[in-house]
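Visitor: Model the structure of this input:
(chains A and B)
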Amino acid sequence: MNSYKILPHTADVRLRVTGETLKDLFEQAVLGMARILSKTKFNLKSQNLNLKIKVDANNPTVLLIDFLSEVLTASCEEKAIFTKVNFLKISETEVETEIFGTKVDSFDEDIKAVTYHEAKIIKNKKGDLETTILFDI
Amino acid sequence: MIAKKDLIKINDYLWEIKGFRARFYASEKMLDEIFRDRSLQQLINVTSLPGIRGYALAMPDMHEGYGFPIGGVAAMDYETGVISPGGIGYDINCGVRLLRSDKNFEEIKNHIESLSQKLYQKIPSGVGRGGKLRLNNQELDEVLENGVQWAAQKGFGDEEDLKHIESEGKLKEARADAVFEHAKNRGRDQIGTMGAGNHFVEVDVVDGIFHEEQARILGLFKNQVVILIHTGSRGLGHQVATDYIKIMVRALSKYNIKIPDLELACAPFSSKEGQQYFSAMSAAANFAWLNRQMITWHVRKVWKELFGDEKLSLVYDVAHNIAKIEEHSINVKTQISNVKTKVIVHRKGATRAFPEQPVIIPGSMGTASYVLVGTEQAMKQSFGSTCHGAGRRMSRHAALRQVQGMQIKEELAHKGITIKTGSIKGLAEEAPLAYKDIDDVIEVVHNAGIAKKVARLRPIAVIKG
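Guide: Modelled structure (predicted):
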């Protein structure tokens, strides 16, 4: 099942992300982070910004965190919330995407960074890919 | 999980974790709270970093971070040790500065509402709100390399201000070209802004003096009105940390470094990656000092508008998240030495506390803050370091479940504290119950001798994002 859930942490915010495939997992992580940044629901028509992100790493967990970090950087630089991902390429060590977002005046939450701290992509009991991601806020 | 049986009591305020060169400051009654999260496990992890000298230390306001615990101090050998961006944190040079007025509470008590309203209007706060100072590329590079000295040259401060800032508001190792373009873009419009979360500008009254002579030296007196500013390097610092942790994760195998948590990613200080990060971190630290200087400039303008020409002088400005090249005596049994050793001191949620240096410790919202001074004892025990604040004990979500923002606002009003904020939800997240008791934390560092109490401050107005 593809999903994300925002969980509490003493000083920060934790996100649990699940996906049937690596692509689903990455997509849910982007959607989960967008939800932390803004409670507003954006429809696809409102999207007025798109850019390309390409990352490589030596394992899928680092790849996911670095990819999300790049999306966060783009959000902060462009003051935008990205809620659609078009995957041009994805493997365990490489991801290339086009992301689509909506410009906003401000965020609901100031995410300082996406951390590697608790992240580890595993296969859960249902056979889906799952990881926890800790955001520094 | 670590329990009391795993500890050796060094004295009433200092504990060692058996089998590790890891020590922490706490009173006995604070232990249960500390055992509740993974701060001590994280402290143990820090002891595995290559080239660490002496003990990995944690202050009584410690809480779980990622990689390093918040409240952590670690000194790495200058020649053979590493530098770890996670040991500084994402908010590089988050810190506080204290301004003092000549006025006492009686003189301003009828102007608190207008003072706080004007401060709220002039100082941009909240998530993503930009500042008024927009710099071109060349100006931003000058800021990154010169910190507050740039501000003094441009008339946003003066030489007197520089004397009262840690490192005089400028780390000379800073290099603007070590800061990537994304980081510059993220911070470009954030100079002179507070941000959100636990950052604030606060109007306080000195309500207790513990050391008359030191208070006099610092220009503090009973009932005096002072202003406390708490913020950091904003998006620029966050991005510098992100960029270099990523670089160091990729360099781990190159230097054959094995770590238990990727957030401890590091590189030898002498390596290209280590040197580049230190240059970038120093630039972000300069940016943070300039940020607090620009907020000071706004505060001074508001003060002048309301109360005339009196200057708000700087008591001091300290960094909470930073790495510094310093010389210390290392006193661990196997490394007995009275000779000073050059080390890279990582302070993550800890304050430099050199002898006679003012130490400013903000409490949680609506509670007391403290002015202390550093000590010789801190030089011997804690690499000249002490605590940095109250320390969180409850998640933001848990705080939101227990209290409502409006309720907090009413409670603070009842205590005579005016609040100006753009986020009522943020008030609940920062509620005093979400933090440890600042008085307990201060008692520990005072009794341990790693800083001495000078004065206590009581808030009368809080301005936050």
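
Visitor: residues contacting B:Ala280?
Guide: B:175, B:178-180, B:183, B:240, B:243-244 (CB atoms under 8 Å, 6 or more residues apart in numbering or on different chains). In short, each C-beta sits where N, CA and C put it, glycine included.

Visitor: Among those, find the one with the greatest number of neighbours, please.
Guide: The member of the contacts of B:Ala280 that has the most neighbours, counting by other CB atoms under 10 Å in any protein chain shown, is B:Val240 with 32 neighbours.

Visitor: Need phi/psi at that residue.
Guide: Backbone torsions of B:Val240, given as degrees, to the nearest 10, read phi -60, psi -50.

Visitor: In this structure it contacts B:Gly89, no?
Guide: No - with contact defined as CB atoms under 8 Å, B:Val240 and B:Gly89 do not form a contacting pair (11.0 Å).

Visitor: residue ranges with poor pLDDT in the chain?
Guide: Assuming you mean chain A. Counting by pLDDT under 70, chain A has low-confidence residues at A:9-11.

Visitor: Correction: the question concerned chain B.
Guide: B:126-131, B:331-338.

Visitor: Could you tell me which residues of it lie near chain A?
Guide: B:37, B:63-67, B:70, B:90-91, B:126-129, B:182, B:185-186, B:195-197, B:235, B:238-239, B:241-242, B:245-246, B:249-250, B:261-263, B:265, B:392-398 (CB under 8 Å from any CB of the partner chain).

Visitor: Widest-spaced pair of the contacts of B:Ala280?
Guide: Greatest spatial distance among the contacts of B:Ala280 (CB to CB): B:Arg175 and B:Asp243, at 14.0 Å.

Visitor: what sits against A:Tyr116?
Guide: Taking CB under 8 Å, 6+ apart, one finds A:61-62, A:65, B:66, B:245, B:249, B:261-263, B:265 in contact with A:Tyr116.

Visitor: Repeat that for B:Lys9.
Guide: Contacts of B:Lys9 by CB under 8 Å, 6+ apart are B:Trp15.

Visitor: Name the next helix or strand downstream of the host helix or strand of it, please.
Guide: Element membership for B:Lys9, per DSSP states H and E: strand B:7-11. Sequence-wise, the next helix or strand downstream of strand B:7-11 (DSSP H and E) is strand B:14-17.

Visitor: chain center to that following strand, what's the gap?
Guide: Put simply, strand B:14-17 sits 23 Å off its chain's centre (CA atoms, centre = their mean, to the nearest Å).

Visitor: hmm, back to that, same list (the contacts of B:Ala280) but as TSV, adding secondary structure.
Guide: Formatted as TSV, those follow (DSSP: H, G, I helix; E, B strand; the rest coil):
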residue	secondary structure
B:Arg175	coil
B:Ala178	helix
B:Val179	coil
B:Phe180	coil
B:Ala183	helix
B:Val240	helix
B:Asp243	helix
B:Tyr244	helix
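
Visitor: Which member of the contacts of A:Tyr116 is positioned nearest A:Phe82?
Guide: A:Ile65 (16.1 Å).

Visitor: Please, which helix or strand holds the closest one?
Guide: helix A:60-78.

Visitor: got the CA coordinates for that helix in PDB?
Guide: Output of helix A:60-78 as PDB, limited to C-alpha atoms (Å, rounded to 0.1, in the frame of the first residue of the first chain):
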ATOM      1  CA  PRO A  60      18.500   3.400  -2.100                       C
ATOM      2  CA  THR A  61      18.200   4.900   1.400                       C
ATOM      3  CA  VAL A  62      20.900   7.500   0.800                       C
ATOM      4  CA  LEU A  63      19.400   8.100  -2.700                       C
ATOM      5  CA  LEU A  64      15.900   8.800  -1.100                       C
ATOM      6  CA  ILE A  65      17.200  11.200   1.500                       C
ATOM      7  CA  ASP A  66      19.400  13.100  -1.000                       C
ATOM      8  CA  PHE A  67      16.500  13.200  -3.400                       C
ATOM      9  CA  LEU A  68      14.100  14.600  -0.800                       C
ATOM     10  CA  SER A  69      16.800  17.100   0.300                       C
ATOM     11  CA  GLU A  70      17.000  18.400  -3.200                       C
ATOM     12  CA  VAL A  71      13.200  18.700  -3.400                       C
ATOM     13  CA  LEU A  72      13.300  20.600   0.000                       C
ATOM     14  CA  THR A  73      16.000  22.900  -1.300                       C
ATOM     15  CA  ALA A  74      13.900  23.600  -4.400                       C
ATOM     16  CA  SER A  75      10.900  24.300  -2.200                       C
ATOM     17  CA  CYS A  76      12.800  26.800  -0.100                       C
ATOM     18  CA  GLU A  77      14.600  28.500  -3.000                       C
ATOM     19  CA  GLU A  78      11.400  28.800  -5.100                       C
END
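
Visitor: Pull out the buried residues from it.
Guide: A:60-77 (16 or more other CB atoms under 10 Å in any protein chain shown).

Visitor: and the residues you listed near chain B, which?
Guide: Within those, those near chain B by CB under 8 Å from any CB are A:62, A:66, A:69, A:72-73, A:76-77.

Visitor: State the pair within these that is farthest apart.
Guide: Farthest apart among those - using CB to CB - are A:Val62 and A:Glu77, which lie 22.1 Å from each other.

Visitor: Let me see the backbone angles for B:Phe287.
Guide: phi -60, psi -40.

Visitor: Quick check: it touching B:Ser233?
Guide: Yes - B:Phe287 lies in contact with B:Ser233 (CB under 8 Å); the separation is 4.9 Å.

Visitor: list the residues that contact both of these two?
Guide: B:93, B:187.

Visitor: Neighbour count: the two, which is higher?
Guide: Higher neighbour count among B:Phe287 and B:Ser233: B:Ser233, with 33 against 29, using other CB under 10 Å.

Visitor: Just the element for the closest residue to that one other than its chain neighbours, please.
Guide: Nearest non-adjacent residue to B:Ser233, counting by CB to CB, 6 or more residues apart in numbering or on different chains: B:Ala288, 3.8 Å away. If you go by DSSP H and E, B:Ala288 is part of helix B:272-307.

Visitor: Pick out the residue in the stretch 51-200 of chain B sitting closest to chain A.
Guide: B:Tyr66 (3.2 Å; CB to the nearest CB).

Visitor: Please enumerate the strands of chain A.
Guide: For chain A, strands defined by DSSP state E occupy the ranges A:3-8, A:13-19, A:49-56, A:80-90, A:94-103, A:113-115, A:122-123, A:129-136.

Visitor: Now for the residue at minimal distance from the centre of chain A: which residues touch it?
Guide: In chain A, the residue lying closest to the centroid (CA atoms, centre = their mean) is A:Val30, at 2.5 Å. Counting by CB under 8 Å, 6+ apart, A:Val30 touches A:68, A:71, A:82-83, A:85, A:99.

Visitor: Among these, give me the pair with the biggest separation.
Guide: The widest separation within the contacts of A:Val30 (CB to CB) is 13.7 Å, between A:Leu68 and A:Thr83.

Visitor: just so I have it, where are all the helices in the stretch 201-350 of chain B?
Guide: Along the stretch 201-350 of chain B, counting by DSSP state H, counting those that start in this stretch, helices occupy B:212-217, B:234-251, B:272-307.

Visitor: Most tightly packed of the ones you listed?
Guide: Mean neighbour count (mean count of other CB atoms under 10 Å in any protein chain shown) peaks for helix B:234-251 among the helices of the stretch 201-350 of chain B, with a mean of 26.
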